[in-house]
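Trainee: here is a sequence together with a model predicted from it:
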Amino acid sequence: MARESDAIKDFYDRSYKKLFSHKGFVKHLLQGFVRLKWVERVDFDKITLEPVSFIDRLFKKKEADIIWKLPLKQGSEVYLYLLLEFQSAVDKTMALRFASYILNFYAERIAKEKNKRLPVVFPLLLYNGKQRWNAARSLQEMIELVDPSLREYLIRFKYFAIDIGSFSKRSLIKLRNNLVSAIFLLENARNENELDSVLKEIVEIVKSEMDKELLARFGDWLEMLFKRTTKTEVNFEEIISEGSEYTMIVETLIEMRKKWENKGIQKGIQVGRQEGIQEGMQKGIRQGIQKGRKEAILITATRLLKEGFSVESIARVTGLSLKEIEKLKKDLD
């Protein structure tokens, strides 16, 4: 289980770091999900990715992922410190972690530019765990205030958190022309039914994006998600070409939905054999297989035939022979 959890985290670390190392996704993230005045002043055409060359001694295994330098239109600049947090549990020490990262960032800046004032750093957490983010968002909240007269001497620090799972489908759909909202919609679609309900909106968001490079990055991310979810390889080098990206991405999403359907069927059969529980599904299985009885398997196979599943697919799922399924098909005709 631990290895599986590490593999999932590694997937998110790599795929999201690749996404948000592109200025277009940073622009969509800030404009769509950080409703603060300063974002309107950012000159997104001139933002640059900064190297993260230090390692925090205390949290060296959890170092921040991405730093962007964001020039403002009227001069000056802000540094975006983007921390990707894809753990199963909420880290209650996040405020301390973030403060430590930024102090190390400042220490490095002072070593390089001794006579300059320190720049503003905007700490942004991107989190996708199932549990809602409930850790303290400021360092002050973590400190026990023994006397009010000490308040002004506390370290004043707060970070901005984006909890992907906290957004409703409706709020994400409202963010038109924003590929990050499409990503969050996909992230929050935990099963076939949920994916089916947002597929049209995701397709419309993808169609509205004219930046081919941004679409290519989205395709790369979708490829990784597809591989992790369905265990199927997809080549997006062919998909993102000659104007075919829209239809091919849509077809990939539909294929992902079919994979989830098959996964649901297999789960229904397994649960039915082991526990005799009825396992529901939108298409295909209406009743689970009760304790693996042959009669229930035949009933399920018949229903799957009516829904248009291939003989080979039904054989893989039910364990029936091709001959048995062909006989059922013939009886239906």
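Mentor: Arrived safely, thanks for sending. Residues are numbered from 1 along each chain as shown.
Trainee: quick one: low-confidence ranges for the protein?
Mentor: Counting by pLDDT under 70, the chain shows low-confidence ranges at 1-11, 53-64, 191-192, 226-294, 296, 317.
Trainee: run the last query once more with 50
Mentor: Within the chain, the stretches with pLDDT under 50 are 1, 236-246, 269, 273-292.
Trainee: can you give me the helices in it?
Mentor: 2-19, 23-33, 94-112, 169-174, 179-188, 192-208, 212-230, 236-239, 245-275, 294-306, 311-318, 322-332 (DSSP state H).
Trainee: which one is K116 nearest to, not counting chain neighbours?
Mentor: Closest residue to K116 apart from its sequence neighbours, by CB to CB, 6 or more residues apart in numbering: R109 at 7.6 Å. (C-beta placed from N, C-alpha, C; glycine too.)
Trainee: with E187 instead?
Mentor: According to CB to CB, 6+ apart, the nearest residue to E187 is I164 (5.3 Å).
Trainee: so that neighbour is in contact with L186, correct?
Mentor: No: applying CB atoms under 8 Å as the test, I164 and L186 come out as separate, 10.1 Å apart.
Trainee: list the contacts of Y106.
Mentor: The contact partners of Y106, taken as CB atoms under 8 Å, 6 or more residues apart in numbering, are L118, V121.
Trainee: count the neighbours of L124 for me.
Mentor: Residues near L124, counting by other CB atoms under 10 Å, number 23.
Trainee: so what's it up against?
Mentor: Residues in contact with L124 (CB under 8 Å, 6+ apart) are V34, L80, Y81, L82, L83, Y159, F160, A161, I162.
Trainee: turn those residues into CSV, columns for neighbour count and distance to L172.
Mentor: Below are those laid out as CSV (neighbours: other CB atoms under 10 Å; distance: CB to CB, whole Å):
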residue, neighbour count, distance to L172
V34, 14, 15
L80, 24, 22
Y81, 23, 24
L82, 22, 20
L83, 21, 22
Y159, 23, 22
F160, 16, 18
A161, 18, 17
I162, 20, 12
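Trainee: hey, where'd the strands end up in the stretch 51-200 of the chain?
Mentor: 66-71, 77-85, 120-127, 160-163 (DSSP state E, counting those that start in this stretch).
Trainee: redo the ones you listed as a markdown table? Include distance to E152.
Mentor: Listed next are the strands of the stretch 51-200 of the chain as a markdown table, based on distance: least, CB to CB, whole Å:
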| stretch | distance to E152 |
| --- | --- |
| strand 66-71 | 30 |
| strand 77-85 | 25 |
| strand 120-127 | 21 |
| strand 160-163 | 23 |
